[in-house]
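**Q** Quick one: sequence and predicted model below, then my questions.
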Amino acid sequence: MPEVKKSFWGRLSSFMFICVSLFSAIYLWAKQSPLVGDKNEKIETPTMIEKTEEEWKEQLTAEQYRILRKAGTERPNGTVYKEFKEQGAGVYFCIGCDTELFSSNEKFDSHCGWPSFFDPSKVENVKTSVDHLLGYARTEVLCAVCDGHLGHVFSGEGFDTPTDKRYCINGTVLRFRPHSRTSDTNASNIPASDAP
Ligand SMILES: [Zn+2]
């Protein structure tokens, strides 16, 4: 009889030991796992900036303001597009907040008259929303940091690019910095003869 009793208590304590160990292990895993608790640290959400209309008007040229803040569109095949086509390797930043949006790695010639990219270079800095300004649904492309209008994105047009998407962007609201001079604060100082 005492032997039976002993084995009962023995089994009970073993069971308790396993329970405590298991609980501790789960607790430690949950504490350290990137899936739990750390979520906010893993997702890079850009911090938005907000300015008054007056502040934007002061900072931007009339044409930049019309496009970036009022969802305007630049003239196709204009000077800006000509400059864009001549630009070599480099990065495109938002004219409103200087956030990186696109790069020459995603640039392609769609022959549409506006700067075209098949993807943003920093996905988290570019957001989209649907607009009906022309009477039908189009996907508007916006800067995720200053909420500025950049252009539209079209997909499935048959372009031979990795995404078959055409980010049709107004060059007026992009600031280009060539790779060799990305530390420059004002790309417009670069002489035209530097273009490839
Ligand atoms: Zn911006």
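**A** Good, I have the coordinates.

**Q** Any residues of the protein in contact with the ion? List them.
**A** Taking Cβ under 5 Å from the ion as the contact definition, the chain meets the ion at 94, 96-97, 99, 143, 145-146, 148. C-beta here means a position set from N, CA and C on the backbone, and glycine is covered the same way.

**Q** one more time with 8 Å, if that's ok
**A** Within the chain, the positions adjacent to the ion are 49, 68, 94-99, 101, 125, 143-148 by Cβ under 8 Å from the ion.

**Q** Assign S121 to one of the three secondary structure states.
**A** coil (DSSP: H, G, I helix; E, B strand; the rest coil).

**Q** my guess is it meets C94, correct?
**A** No: using Cβ atoms under 8 Å, S121 is not in contact with C94, being 11.9 Å away.

**Q** In the chain, where is pLDDT below threshold?
**A** Along the chain, the parts satisfying pLDDT under 70 run over 1-10, 12-43, 181-196.

**Q** So which residues of it form strands?
**A** 90-94, 100-103, 116-117, 126-131, 138-143, 149-155, 165-169, 174-178 (DSSP state E).

**Q** sorry, back to before: write the PyMOL selection for whichever of the residues of the chain next to the ion are buried.
**A** Those of those that count as buried under 16 or more other Cβ atoms under 10 Å are selected in PyMOL with:
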select buried, resi 68+94+95+96+97+99+101+125+143+144+145+146+147+148
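
**Q** what ranges do the helices span in this protein?
**A** In the chain, the helices defined using DSSP state H lie at 2-32, 39-42, 53-59, 62-68, 79-86.

**Q** Using neighbour counts, pick out the buried residues of the fourth one.
**A** Just to be clear, that refers to helix 62-68. For helix 62-68, burial by neighbour count (16+ other Cβ under 10 Å) applies to 64-68.

**Q** Go through these and name the one nearest P178.
**A** P178 lies nearest to Q64 out of the buried residues of helix 62-68, by Cβ to Cβ, at 20.7 Å.

**Q** show me the contacts for that closest one.
**A** 95-96, 172-173 (Cβ atoms under 8 Å, 6 or more residues apart in numbering).

**Q** In these, find the pair that's most separated.
**A** By the measure Cβ to Cβ, G96 and T172 form the most distant pair in the contacts of Q64, at 11.2 Å.

**Q** Now do the shared contacts for S121 and C94.
**A** With Cβ under 8 Å, 6+ apart as the test, S121 and C94 both reach L101.

**Q** what's the nearest residue to K85 if we skip its chain neighbours?
**A** Nearest non-adjacent residue to K85, counting by Cβ to Cβ, 6 or more residues apart in numbering: D109, 7.3 Å away.

**Q** my bad, should have said C97
**A** C146 is the one closest to C97 (Cβ to Cβ, 6+ apart), at 3.9 Å.
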